[in-house]
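1. dropping the sequence and predicted coords here.
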Amino acid sequence: MKALVVNAKWKPRKNYPVSEEEKVKKRASIGSQVWKNTTFEIKDVPTPNPRDDEVLIKVKTCGICGSDTHLYETDEEGYIIFSGLTKLPCIIGHEFSGIVEKVGSNVRDLRKGDKVAVESILWCGRCQSCRSGFPNQCKYIELMGLSVDGAFAEYVAVNERYCWKINDLMHVHSEEDAFDIGALIEPVGCAYNGIFIVGDGFNPGAIVVVYGAGPIGLGAITLSKIAGASQIIAFDIRDERVKIAKDLGADHAFNIHKLDRQSPADKVMELTKGCGADILVEAAGAAPKTIPEMERSMAVNGKIIYLGRAATSTTMYLDVLVSGANKIVGSRGHSGHGIFPSIIKLIAADKLRLERMITARYSFKNVMDAIKASSHRTDGKILVKI
């Protein structure tokens with residue numbers, strides 16, 4: 001089968017303490033500290049043979065994630081930008097949907113021909129974190145398309161427990177469109193997890209501010225809209241994404257560079273009549289620039305939900321948390337807690353409309369053009385048709 005394989009040179013930075021496990025497995029906990037000089041190649045590789053508890057999926061649609069972009073982009077020394085778990089070479093791609101082609105002997109609930117969307121957080125189910133209800137914090141976690149082979153390929157073999165049927169999406173979408181929407185469940189699930197699970201949700205009528213109108217930020221906007229936010233304010237640095245944010249339900253959306261002498265915090269306080277925001281979502285991965293704005297525009301009992309991933313640190317005036325009874329929480333992933341089935345039910349009921357998030361589609365033979373386009377950060381969601 002054809003697959004997009006990414007490789008790089010293992011060369012830990014001089015100041016990065018490589019653990020024994022990393023050395024043995026050649027698997028970096030912080031990819032940006034180890035991997036440099038990446039190469040991308042569509043190659044012929046063996047079609048995987050599913051194990052007893054796995055299904056073989058014919059991939060139909062796979063989205064470009066920011067982590068894929070961060071494998072493609074490098075810093076001035078040639079190191080990848082992605083700061084998470086990484087093992088190369090690897091078939092990348094993890095936001096996908098497809099058709100079950102073959103099932104293992106122990107598979108119980110899936111049949112050949114089922115349409116599925118798939119979690120990319122591969123949790124073990126046995127460690128203390130998993131058994132305590134925190135699969136996204138699994139001690140033995142693998143990340144599909146980053147530390148194990150993913151879905152920019154004709155076929156992928158996946159354990160049944162990570163797969164969710166999307167047959168019901170055909171109630172409101174054509175089959176082809178259903179596969180495209182199905183590929184959006186993973187990134188929207190990350191926003192769902194951050195706002196409603198880790199962040200404990202909000203009361204209808206809350207004011208929500210989203211920094212970063214990429215796919216996860218756009219997911220946060222549309223979820224907040226249907227959950228009853230009274231006002232949604234979005235910020236980005238690209239006019240194209242500002243427009244998409246408005247299309248998906250933001251009441252106000254701004255290019256930060258065009259605020260006419262105002263800071264984002266000033267704009268939030270103006271629009272909320274001095275009350276501030278109840279929920280502030282960081283989906284830009286730019287904490288040194290966004291957190292200072294957020295802390296100055298929080299309502300009493302407000303929450304900052306940190307979804308953006310970057311190997312960085314920033315200062316924060318912590319007395320804001322004390323005097324305002326405020327919180328800041330971090331969130332990773334989309335597994336557990338009924339997240340995938342909840343999103344599937346919302347889409348099938350025609351209550352969650354994600355089509356406007358899709359701004360470009362590419363054929364698999366042009367996947368590198370898609371990845372290059374993602375680095376411009378002007379699209380909503382770029383999809384690759386396999």
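-> Cool, got the structure. Residues are numbered from 1 along each chain as shown.

2. nearest spatial neighbour of residue 243, skipping sequence neighbours?
-> Using C-beta to C-beta, 6 or more residues apart in numbering and skipping the chain neighbours, the partner closest in space to residue 243 is residue 253 (7.6 Å). In this view, the C-beta of every residue, glycine as well, is placed from N, C-alpha and C.

3. close enough to count as contact, the one you found and residue 235?
-> Yes: proximity of residue 253 to residue 235 meets the contact threshold set by C-beta atoms under 8 Å, at 7.4 Å.

4. quick one, which of these two is more surrounded?
-> The neighbour count for residue 253 versus residue 235, taken as other C-beta atoms under 10 Å, is higher for residue 235 (26 against 23).

5. residue 378: what's its closest spatial neighbour, skipping adjacent residues?
-> Nearest non-adjacent residue to residue 378 (C-beta to C-beta, 6+ apart): residue 240, at 4.1 Å.

6. look up how far residue 241 lies from the residue nearest to residue 243.
-> With distances taken as C-beta to C-beta, to the nearest Å, residue 253 is found 8 Å from residue 241.

7. tell me who's in contact with the residue nearest to residue 243.
-> 213, 233-236, 242-243, 245-246 (C-beta atoms under 8 Å, 6 or more residues apart in numbering).

8. ok so it is a helix residue?
-> No: going by DSSP: H, G, I helix; E, B strand; the rest coil, the assignment for residue 253 is strand, not a helix.

9. just list whatever residues bridge to it.
-> Beta bridges link residue 253 to residue 234 when assigned by DSSP bridges.

10. just checking, next helix/strand downstream of the least confident helix or strand in the chain by mean pLDDT?
-> Across the helices and strands of the chain, mean confidence by mean pLDDT, DSSP states H and E is lowest for helix 319-324: a mean of 88. Beyond helix 319-324 on the C-terminal side, the first helix or strand identified by DSSP states H and E is strand 327-330.

11. related to what we said a few turns ago, now do the shared contacts for residue 253 and residue 241.
-> Listed as contacting both residue 253 and residue 241 by C-beta under 8 Å, 6+ apart are residue 213.

12. only the C-alpha atoms, please, for stretch 264-276, written as PDB.
-> The C-alpha trace of stretch 264-276 is given here as PDB (Å, rounded to 0.1, in the frame of the first residue of the first chain):
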ATOM      1  CA  PRO A 264      -7.200  41.800  23.100                       C
ATOM      2  CA  ALA A 265      -7.800  42.100  26.900                       C
ATOM      3  CA  ASP A 266      -9.000  45.700  26.400                       C
ATOM      4  CA  LYS A 267     -11.400  44.500  23.700                       C
ATOM      5  CA  VAL A 268     -12.800  41.700  25.800                       C
ATOM      6  CA  MET A 269     -13.400  44.100  28.700                       C
ATOM      7  CA  GLU A 270     -15.100  46.600  26.400                       C
ATOM      8  CA  LEU A 271     -17.400  43.900  24.900                       C
ATOM      9  CA  THR A 272     -18.200  42.500  28.400                       C
ATOM     10  CA  LYS A 273     -18.800  45.900  29.900                       C
ATOM     11  CA  GLY A 274     -16.000  45.400  32.300                       C
ATOM     12  CA  CYS A 275     -17.100  42.000  33.600                       C
ATOM     13  CA  GLY A 276     -14.500  39.900  31.700                       C
END
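
13. avg pLDDT for it?
-> Averaged across stretch 264-276, the pLDDT comes to 97.

14. what stretches of this structure score poorly on pLDDT?
-> 311 (pLDDT under 70).

15. what residue is smack in the middle of it?
-> In the chain, the C-alpha nearest the mean C-alpha coordinate belongs to residue 187, at 3.8 Å (C-alpha atoms, centre = their mean).

16. let me see the contact set for the nearest residue to it once chain neighbours are set aside.
-> Setting aside the residues directly before and after it, residue 187 is nearest to residue 215 in space (C-beta to C-beta, 6+ apart), at 4.4 Å. Residues in contact with residue 215 (C-beta under 8 Å, 6+ apart) are 63, 65-66, 184, 187-188, 357, 380-381.
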